[in-house]
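# need coordinates for the below:
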Amino acid sequence: MKSGDYRNDARYIWQSPDWPALRYDLPALSGPLSEVSRAQGLLLGRMADVGLALRDRATLSAVTDDVLKTSEIEGEQLDVDAVRSSVARRLGVDIGALAPTDRHVEGVVDMVLDATANCQLPLSAGRLFGWHAALFPTGFGSLTRIRVGAWRNDAAGAMQVVSGSVQRQRVHFEAPPAQRLDEEMRCFLDWANAPTGEAAVIKAGLAHLWVVTLHPFDDGNGRIARAVGDLFLARGDGSPQRFYSLSSQIQRERKGYYEVLERTQRGNLDVTAWLAWFINTLQRAVDSAHHTLDAVLRKSTFWQRWAQTSLNERQVAMLNRVLDGFEGRLTSGQWAKLTRCSSDTALRDIQHLVSLGALRKTEDGGRSTAYEVVTGGPA
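Predicted coordinates for the structure are as follows:
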């Protein structure tokens with residue numbers, strides 16, 4: 001699969017004379033592959049036992065995390081409520097009041113869901129262009145106008161991944177020249193759509209690395225590479241529903257992600273180390289999904305217990321927020337701020353829930369009293 005002209009003094013993996021003939025030591029990966037396959041099977045089996053409604057809730061949680069974290073890896077913070085509402089609308093999950101739509105959020109959600117819900121559809125340049133256009137609906141990346149829905153053209157110079165100030169920039173990676181992208185992406189898409197025989201996890205890891213190495217767009221390459229990887233993982237799972245978020249785990253381990261990526265892109269065509277990192281990170285993502293399912297089950301049990309109790313809209317909204325993973329201390333001040341009510345009203349709401357046994361004071365010893373949801377059975 002040799003293409004283009006290459007220098008003999010290769011600095012980057014794509015400059016190797018044998019690129020893109022990536023190779024790896026399968027026996028060295030067989031143990032981690034077996035472990036992650038077993039973990040995926042256990043999770044899918046557990047999901048099959050909980051019923052459709054709870055599976056939808058788990059999918060809502062996983063996809064919301066995926067959308068938030070795949071953007072956060074690139075330093076972009078999306079609004080949690082806007083993302084959750086956008087995902088809920090598409091999945092048909094009732095979460096009560098929905099946040100206003102945000103076309104940038106909608107675009108990221110569209111890409112993530114298309115990659116997984118439509119995982120059996122072939123990859124094509126047009127499909128990738130559609131994802132890219134969805135990511136950048138205004139035609140701007142940060143404050144700079146970019147080419148949208150098209151391969152980059154390097155009009156501003158070589159595509160480089162850099163860090164540091166302008167005076168002390170460090171170049172971590174330089175992508176192939178733009179004039180080679182038609183041929184390079186054609187080669188990738190031929191491989192992506194062919195039955196090449198790799199395990200789905202291996203193909204996902206190779207696809208992720210390949211796309212982020214070609215860096216075919218002016219911006220959004222990391223997000224698109226992760227979506228491509230998720231597509232192959234969804235094919236391997238045999239389910240369009242997502243119960244775990246690899247992007248969330250990568251975000252938690254992003255320092256290691258960038259380090260192994262740079263070593264691989266500056267190395268030879270043996271990508272065993274990259275695949276080992278990818279598989280082990282996926283393992284931790286699947287393990288984390290069990291905690292997400294536990295939270296979904298706790299929330300379901302909680303509302304079964306309190307279904308017949310009269311609560312106001314503020315109380316329902318805040319209880320759901322905490323059950324969905326509210327970060328920080330739940331105080332009356334936070335309650336008042338988030339529900340836009342007075343401090344006295346917030347305190348009355350909380351005291352009512354404490355008297356019912358739905359909330360209790362924490363023992364964290366902070367300067368202001370904090371509360372937590374009681375998710376156990378009846379007292």
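# now do the strands in the stretch 251-379 of the chain.
With DSSP state E, counting those that start in this stretch as the criterion, the stretch 251-379 of the chain has strands at 330-331, 359-361, 370-373.
# the stretch 101-250 of the chain too?
Under DSSP E, counting those that start in this stretch, the stretch 101-250 of the chain gives strands at 140-141, 144-145, 160-163, 170-174.
# parallel or antiparallel, list what pairs with the first one.
Strand 140-141 has these partner strands in its sheet, going by DSSP bridges: strand 144-145 (antiparallel).
# nearest to residue 323, out of the strands of the stretch 101-250 of the chain?
Judged by Cβ to Cβ, the one of the strands of the stretch 101-250 of the chain that comes nearest to residue 323 is strand 140-141, at 36.0 Å. Every C-beta, even on glycine, is put in place using the N, C-alpha and C of the backbone.
# what are the contacting residues of that closest one?
146, 218, 219, 220 (Cβ atoms under 8 Å, 6 or more residues apart in numbering).
# and which of these is nearest to residue 129?
residue 220 (11.3 Å).
# rewinding a little: and of the strands of the stretch 101-250 of the chain, who's closest to residue 11?
Of the strands of the stretch 101-250 of the chain, nearest to residue 11 by Cβ to Cβ is strand 170-174, at 7.7 Å.
# partners of that closest one in the sheet?
Applying DSSP bridges to the sheet, strand 170-174 is found paired with strand 160-163 (antiparallel).
# using CSV, write down the CA coordinates of the partner strand.
Output in CSV follows, covering the C-alpha atoms of strand 160-163 (Å, rounded to 0.1, in the frame of the first residue of the first chain):
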residue,chain,number,x,y,z
GLN,A,160,1.5,20.9,12.5
VAL,A,161,0.5,19.9,16.1
VAL,A,162,2.4,22.4,18.3
SER,A,163,2.5,23.5,21.9
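# related to what we said a few turns ago, make TSV from the strands of the stretch 101-250 of the chain and add mean neighbour count and distance to residue 259 to it.
Listed next are those as TSV, based on neighbours: other Cβ atoms under 10 Å; distance: least, Cβ to Cβ, whole Å:
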stretch	mean neighbour count	distance to residue 259
strand 140-141	14	25
strand 144-145	10	27
strand 160-163	13	12
strand 170-174	15	10
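# any chance of those in a markdown table, plus distance to residue 46 and mean pLDDT?
Below are the strands of the stretch 101-250 of the chain laid out as a markdown table (distance: least, Cβ to Cβ, whole Å; pLDDT from 0 to 100):
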| stretch | distance to residue 46 | mean pLDDT |
| --- | --- | --- |
| strand 140-141 | 40 | 86 |
| strand 144-145 | 45 | 88 |
| strand 160-163 | 39 | 86 |
| strand 170-174 | 39 | 91 |
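# can I get the ones you listed in CSV including distance to residue 252?
Below are those laid out as CSV (distance: least, Cβ to Cβ, whole Å):
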stretch, distance to residue 252
strand 140-141, 25
strand 144-145, 29
strand 160-163, 20
strand 170-174, 21
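# residue 227 is nearest to which of the ones you listed?
Nearest to residue 227, of all those, is strand 140-141, at 16.6 Å by Cβ to Cβ.
# specify the beta-bridge partners of the nearest residue to residue 353 once chain neighbours are set aside.
Nearest non-adjacent residue to residue 353, counting by Cβ to Cβ, 6 or more residues apart in numbering: residue 359, 4.1 Å away. Beta-bridge partners for residue 359, by DSSP bridges, are residue 373.
# what's the spacing between residue 359 and residue 325?
Per Cβ to Cβ, to the nearest Å, residue 359 is found 16 Å from residue 325.
# likewise for residue 358?
For residue 358, the distance to residue 325 (Cβ to Cβ) stands at 17 Å.
# and residue 359 and residue 325? Which one has more around it.
Shown here are residue 359 and residue 325; by other Cβ atoms under 10 Å, residue 359 has more neighbours (22 against 13).
# pretty sure residue 181 contacts residue 150?
No: at 9.8 Å, residue 181 does not count as touching residue 150 under the criterion of Cβ atoms under 8 Å.
# what's around residue 156, how many residues?
Neighbour count of residue 156, defined by other Cβ under 10 Å: 10.
# do the same with residue 149
Using other Cβ under 10 Å, residue 149 has 17 neighbouring residues.
# now do the contacts for it.
129, 130, 132, 133 are the contacts of residue 149 under Cβ under 8 Å, 6+ apart.
# can we see that at 10 Å?
Residues counted as contacts of residue 149 (Cβ atoms under 10 Å, 6 or more residues apart in numbering) are 125-126, 128-136, 139, 217.
# restricted to buried residues, select these in PyMOL.
To isolate the buried ones among the contacts of residue 149 in PyMOL, judged by 16 or more other Cβ atoms under 10 Å, type:
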select buried, resi 125+128+129+130+131+132+133+134+135+136+217
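# mind giving me a markdown table with the contacts of residue 149 and columns for distance to residue 156 and pLDDT?
Shown next, in a markdown table, are the contacts of residue 149 (distance: Cβ to Cβ, whole Å; pLDDT from 0 to 100):
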| residue | distance to residue 156 | pLDDT |
| --- | --- | --- |
| 125 | 22 | 98 |
| 126 | 25 | 97 |
| 128 | 21 | 98 |
| 129 | 20 | 98 |
| 130 | 24 | 97 |
| 131 | 22 | 97 |
| 132 | 17 | 97 |
| 133 | 20 | 96 |
| 134 | 23 | 95 |
| 135 | 19 | 95 |
| 136 | 16 | 95 |
| 139 | 15 | 91 |
| 217 | 13 | 97 |
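# now, which of the contacts of residue 149 sits nearest residue 239?
Using Cβ to Cβ, the contacts of residue 149 come closest to residue 239 at residue 131, 20.8 Å.
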